[in-house]
Structures are given as structure tokens and as C-alpha cells.
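here's my sequence, what's the structure:
(3 chains)
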Amino acid sequence: MQPPFDAIFDEAEHRYLKPDELQEMRQYVFSLKDRVSTYQMIRDRELSLMQQVADQIQYTMPDAELAALERSLKNAMLSLRYCSMGMVLNDPSFVQNRLLGWLSDSMQIHNSSAIDRAVFRLIVQQLAQVLTSQQMELFQPFLNLAQAVLPAPVEEEMLTVAGMF
Amino acid sequence: MANLLWSGATAPSHQTLTKLKNPKKHNHYGFKEFFQFDATQGTIVDWNDSQNILTTEDFIIGLVEGLEEEVGDASAATMYTIGCEWGQKDAFFFEKWFEKEFDRGIRQTNLLFLLETWWWPFTAQGWGRWEIDLGERKQGFMFINIFDSAVARTLGDVGKPVCYLYAGLFAGFFTELVRKQLSCIEIQCYSMGETYCKFLLGGQERIDAASFWLNEGATARDIEKRLKSGELR
Amino acid sequence: MISVADLLTNDRIPANYYANEVYVRGDLEMGLLESRRGDRLLAIPETLIQAIYAGLTKETGQASRLVLFNCGRWWGKNFFNRFRDEVSDYYEMPLVDMSMAEFLQALKQCWMTYGLGKLDLDQSYHHRGFLVITTWNSAFIRQAPKSQLPAGFLEAGILSAVFSQLAGRELHCVQTSCESLGSDCNRFVIGLQKRLDSAEAMVEKQLDHESIMPRLCA
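All right, here's what the predicted structure looks like:
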């Protein structure tokens, strides 16, 4: 449940909800049908969608280590699952608390940002094909949370004196 | 509690949305509200801004074992002393947060309500439920029951009372609260095969008498009866 | 070719076993806290930590450091056993088969969820037979009485036990920098007791970590 709602419910003993709070709740309830159907769509397509991503990443990064690719794909699948759940609940803190710390730690430990970025890019492309733009609008903010913890790409090229100017 | 000794980064404080919006919410002892985990810093702060760490029961055993290695049989007395220090420090801490939360002094508050309020954080922190019997307080003593003592549950059935930490906690807290030197002894313990632990709180004279009877093999019920009839050895 | 279906373990992707929202459960009615495996947990507040220092100093004087170290060792031994069981059950893989990176990630998360602060491993002295663990935000160090020496005795005990169990041989641990003395973090050097004796002497002489390590490795 969206965290501000928790605080709203806490005040039940003090007062009734204000119109804007009721409106906020109505909006959430109204959006719930779409959230659930988006969730179902991602759930049902998870394997085929991720298999496409896996095939493409192997094609675009033929030199990458298999174990590294598999790890990035697993992390991406995990992100998809957590972000979908976060979207149903409309609760960014769900993704924040349960996924992001662990995910960024994993990416740093394994120094996998190049692959992770590529995988996420592919996921967004795949999602755009299976979700409607309205569904994408619901899901994107949560996926963005996970993408935001991808470490910045490291400058691959070694800077030398010759390359200074 | 503010720490005056440590000069490093500021101590963490509890800043959940619920508390920011409703700082005087009283029913905040549910696990998710009472504790705030900071997953980036690895800290846990409770509703009253005290930093907490989680341990398993091995921490208590470790403390007792570590003490036994250093001071032998005196480990029980040391656990009691630690408890007393805890109770005393917690009395000051409690006074501050109680006044902040309820806008009134602890001495202007109904005693039973005050004591219930004091124990709530301990319940949330996993130290077990309590029951307090103030019936005999006019005679200068009272009983406290603890269900699921962290110490006794951990040490198991060893045939003698083991909850010195709790006994010290009650002695230290109530001594500060009533500003009179009080002692506490556990007269029935889960570790003796009982279903809960029972503590007697009172002046040294009574505690000495209870300790003597206990050594003679008296049960908690015997001790209660003798104290109520005004006996002192 | 990678088969995505094969990456799943019973349709599951094991991730953070120690996510605090899932790992710790509270039962207010019973006054109990427990882990997701059902082991009882206790929250130790600042007042108790302060009391442990005060009580130990009163009753055992200087020996309080040793008591805390031994307490940490005892706790650490059991902490490791639980950690090993939890992690190997969850990942469906014995701890010994896990990579160092995976082990470390799980340990870091576990350390944080127990509220012990942040933890990291510095392997730069690995080839010389020492591991350096860095930690931040320790409640035990924050509450320690003021001293000229590092204050993380409990942590030193825990870490020595954890890495002894992991290595399968007796290892010691000496703290060489401390947040309570103004350092950026707490550093704990882990190695064989006889090789760490000189480190202990250097800490007593108040040498800092950067001065101790080269001498220790010389």
C-alpha cells in the first residue's frame, strides 16, 4: 500500500478523511484494475520476454562471460518481479527497501554495469512491445527506480598522456 | 538517548512518515512502526530515537559465558549489576520520552498506566510480556511476572533462577522511580520448570529474607504467603 | 545458449534473504521477535548497551574488554552457524560452494539487518595472510566509554569467530582504527594469533592503521 495511505489510516481515531485524501484513495482504487492487468501481463510473459532479452544479449555481447550474463539476467528478472509488485501496491518504498540495496551491492561486487545496462535497455524494448502505452506508464516509474541504481558506466578507454589533447 | 561521548556522525533518529505526521501517536508498538530500519546505513532506531541492535539469544549466553570465564560464580551478580544500570539509565530515558509524548510529568500520572507505558517498548523489543501486581505495595513489596523471559528461555531448564538481568532491571528502574533503594529477586523461574518467571521487588531486608527461604527450598507461593503475613525470617 | 527457465530455482530467484521487512517478525501480543526461520531475536537498546559497559567496568574493571570480546566470540560462533544454515538453505547451495562475492554480499546484508551497521571487506593484504574488515555505525562503539584505544571489542570477537569458522582454523582479530577515535571507519585485522601479537602492541602504542599494516606485513 502506498505509504501516505498508512499515515491516513493512522488518523482514523482523530478525524474523517479530507476530500483530497479521499480523492487520492479513489484514484488508487480506480487504477488498481489496470495495475493488476499490467502485472498479469508481465507475469504471463516473463519467460518469453526474458528469453528474447537473453538471446539478444548473447548476440550483442558475444565476448561476455556466460556466468556474468546469467547473473545479470537473473538480477533483471528479479527487478521485474519486484517492480511489478511495487506497481500493484503503488509503493516505491517496497522496491526501495526490498530490492535496491541488494541490487546495487550485487552490481558493484560483480562490476557488471555494462551488461546490466544493456539488459535493462533490452527489457524496456521488449516491454514496449507487450504492454500498452498506458500500462507502460504505470510500470515505467518502478523500473526507473531499479535502473537508477545501475552504476554509471566506467570509462572503458584508458586515458594516456598521448590521448590528453 | 543523546550520546555525549561520541564525536563522530550524528546519531540516527526515527523519521518515518507516520512519526513525522503524528509524533504523539501512542499505539506505535507494532513492529513496523516501532522500529525504523535504515537499509543503507545498517542501523535500527526505535520510536524513541534509541539505536537498537538485534541479537539472537546467543548474545545473552555469550555474556554469561564470557563472564563466567572471567569472574566465575560472580557472573550472576554481574548480570544483576548490569540490569540495575540498565534500569537506572532507562528510568531517565523513560522520563524524557514519556514527558515528550504525553505532555505531562511521570509523577503526575496514574501509576498503573505509567508502568504499562514503560514496559511497552520492552515488549516490542522482544523481552516478553509482563504482569505487575501492586496489591502489596503499601506493605513495601510487589510482584512482577515475566512471560517468555529471554534469559530463561535461552538457558533452558537448569533447576535454578537465572534471570538476574531482569531482576536488576526492575531494581534499578524502580529505585529511580520511587527514589528509594529497592532490590529484586527472582523467586520462580522458567528455568526451574515453571511456566513463567516471578520477581519480588522490595527493600533489602525483605529480599534477603526471600533469598534465605528460597535457599531453604521454599516455593514462590510459600514466600508470598510468609511475606503477606508480615514474616521476616 | 542461455535458457531463462533454467536460471530459476523452483520458479524462484534467490535474492536478499536478509531484507529486513521479511527477515524480522514481531509478535506484540507475545512480546516476541523472531527471524524468518523462527529463531528468537532480541532488540538491544542503547540503555542496555550503556549498562553493559557500566556494569562490566564496575564489576570486572579492565577485564570488561576481554569479557566483551569473549561474549562476541561466543555469539559470533552461533551467529555464523545460523548464518551458514540460513544462507545454504535459501540458496540451496552449501556455503563452501558459494563464491566469496556471494558470501560477502549475504554477510553484509545480514550485518545490516541486525543493525550492526555497514560492513565491507578489504582484501588488499590477503596475500600477506590478513583480511581487513571495515565497519561503520556500530551502536556498541557509539556507546563505549571514552578511551584512547579502539572500542569495538564485541565486534572483534564476533568477526574472529565468524572468520575462524569460515577458514576452519583459529583466527584472531585486532581493531586498528575506530570511529570513536575520529577515524572514518572501524578496521578489524583478521589473521593468525601469533602474527597479530605485534599489531596488538602497536594499537596499545596508539599507532594508526596505515602505520600498523606495513609493519605487520614486513
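
helix or strand for residue 140, which one?
This is for chain A. Using DSSP states H and E, residue A:140 sits within helix A:133-148.

oops, I was thinking of chain C
With DSSP H and E as the criterion, residue C:140 is inside helix C:139-142.

CA atoms of that helix as PDB?
What follows is helix C:139-142, C-alpha atoms only, in PDB (Å, rounded to 0.1, in the frame of the first residue of the first chain):
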ATOM      1  CA  ALA C 139      26.000   1.000  18.200                       C
ATOM      2  CA  PHE C 140      28.400  -0.700  20.600                       C
ATOM      3  CA  ILE C 141      31.200   1.600  19.500                       C
ATOM      4  CA  ARG C 142      29.000   4.700  19.700                       C
END
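
chain center to the helix or strand that comes right after that helix, what's the gap?
Once helix C:139-142 ends, the next helix or strand along the chain (criterion: DSSP H and E) is helix C:153-167. Helix C:153-167 sits 7 Å away from the centroid of its parent chain (Cα atoms, centre = their mean, to the nearest Å).

packing partners of the helix holding residue C:140?
strand B:51-56, helix C:46-60, helix C:153-167 (3 or more Cβ pairs under 8 Å, 6 or more residues apart in numbering or on different chains; DSSP states H and E). Every C-beta, even on glycine, is put in place using the N, C-alpha and C of the backbone.

just the residues contacting the second one, thanks.
With contacts defined as Cβ atoms under 8 Å, 6 or more residues apart in numbering or on different chains, helix C:46-60 is touched by B:1, B:3, B:50-53, B:63, B:67, B:70-71, B:74, B:77-79, B:81-86, B:88-90, B:93, C:63-64, C:67-68, C:139-140, C:143-145.

right, and the helices and strands packed on helix C:139-142 - which one's nearest residue B:35?
Counting by Cβ to Cβ, residue B:35 lies closest to strand B:51-56 out of the helices and strands packed on helix C:139-142; the figure is 6.8 Å.

say whether chain C is contacted by the closest one.
Yes - using Cβ under 8 Å from any Cβ of the partner chain, strand B:51-56 reaches chain C at B:51-56.

for those residues, which one is nearest chain A?
Of all the residues of strand B:51-56 next to chain C, chain A sits closest to residue B:54, with 16.4 Å by Cβ to the nearest Cβ.

which single residue in chain B comes nearest to chain C?
residue B:31 (2.7 Å).

I'd say that residue and residue C:26 touch.
Yes - with contacts counted by Cβ atoms under 8 Å, residue B:31 reaches residue C:26, the gap being 2.7 Å.

quick revisit: in the helix holding residue A:140, which residues are buried?
A:135, A:138-140, A:142-143, A:145-147 (16 or more other Cβ atoms under 10 Å in any protein chain shown).

next one: stretch B:113-125
Neighbour-count burial for stretch B:113-125 [16+ other Cβ under 10 Å]: B:114-115, B:117-125.

of the contacts of helix C:46-60, keep whichever come out buried.
B:1, B:3, B:50-53, B:63, B:67, B:70-71, B:78-79, B:81-86, B:88-90, B:93, C:63-64, C:67-68, C:139-140, C:143-144.

contacts only, for the closest residue to residue C:111 other than its chain neighbours.
Excluding the flanking residues, the one nearest residue C:111 by Cβ to Cβ, 6 or more residues apart in numbering or on different chains is residue C:119, at 4.4 Å. Taking Cβ under 8 Å, 6+ apart as the criterion, residue C:119 is in contact with B:42, C:107-108, C:111-112, C:133-135.

restricted to strands, list the residues you listed.
C:133-135 (DSSP state E).

could I get those residues as a markdown table with distance to chain A?
Shown next, in a markdown table, are these (distance: Cβ to the nearest Cβ, whole Å):
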| residue | distance to chain A |
| --- | --- |
| C:133 | 15 |
| C:134 | 15 |
| C:135 | 15 |
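
and these, which is closest to chain B?
Looking across the ones in strands among the contacts of residue C:119 and measuring by Cβ to the nearest Cβ, the closest to chain B is residue C:135, at 8.6 Å.

residue C:98 versus the closest one, what's the distance?
Separation of residue C:135 from residue C:98 (Cβ to Cβ, to the nearest Å): 21 Å.

who has more neighbours, those two?
Neighbours per residue, other Cβ atoms under 10 Å in any protein chain shown: of residue C:135 and residue C:98, the larger number sits with residue C:135, 23 against 16.

check contacts around the closest residue to that one other than its chain neighbours.
Distances taken as Cβ to Cβ, 6+ apart place residue C:186 nearest to residue C:135, at 4.6 Å, with adjacent residues excluded. Listed by Cβ under 8 Å, 6+ apart, the contact partners of residue C:186 are C:134-136, C:138, C:141, C:150, C:152, C:155, C:175, C:177-179.

try it again at 6 Å.
For residue C:186, the contacting residues are C:135, C:152, C:178-179, by Cβ atoms under 6 Å, 6 or more residues apart in numbering or on different chains.

now for those residues: which two are most distant?
So, the contacts of residue C:186 by Cβ to Cβ: farthest apart are C:135 and C:178, at 9.9 Å.

Three-state assignment for the residue of chain A found nearest chain C, please.
Residue of chain A nearest chain C, by Cβ to the nearest Cβ: residue A:102 (3.8 Å). With DSSP: H, G, I helix; E, B strand; the rest coil as the basis, residue A:102 sits in helix.

is chain B within reach of stretch C:11-24?
Yes - Stretch C:11-24 is in contact with chain B by Cβ under 6 Å from any Cβ of the partner chain, via residue C:20.

is chain A within reach of that stretch?
Yes - judged by Cβ under 6 Å from any Cβ, stretch C:11-24 comes into contact with chain A through C:13, C:15-16, C:19, C:21.

buried residues in that stretch?
So for stretch C:11-24, counting by 16+ other Cβ under 10 Å, buried means C:13-20, C:23-24.

and if you look at stretch C:208-218?
Applying 16+ other Cβ under 10 Å to stretch C:208-218 flags C:209, C:212-213, C:216 as buried.

give me the contacts around it.
C:128, C:176-177, C:187, C:199, C:202.

got the CA positions of it in CSV?
The C-alpha trace of stretch C:208-218 is given here as CSV (Å, rounded to 0.1, in the frame of the first residue of the first chain):
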residue,chain,number,x,y,z
ASP,C,208,47.2,4.2,13.3
HIS,C,209,46.0,1.6,10.8
GLU,C,210,48.2,3.0,8.0
SER,C,211,51.3,2.7,10.2
ILE,C,212,50.4,-0.7,11.6
MET,C,213,49.8,-2.6,8.3
PRO,C,214,53.2,-2.2,6.6
ARG,C,215,55.0,-3.1,9.8
LEU,C,216,52.7,-6.1,10.3
CYS,C,217,53.4,-7.3,6.7
ALA,C,218,57.2,-6.5,6.8
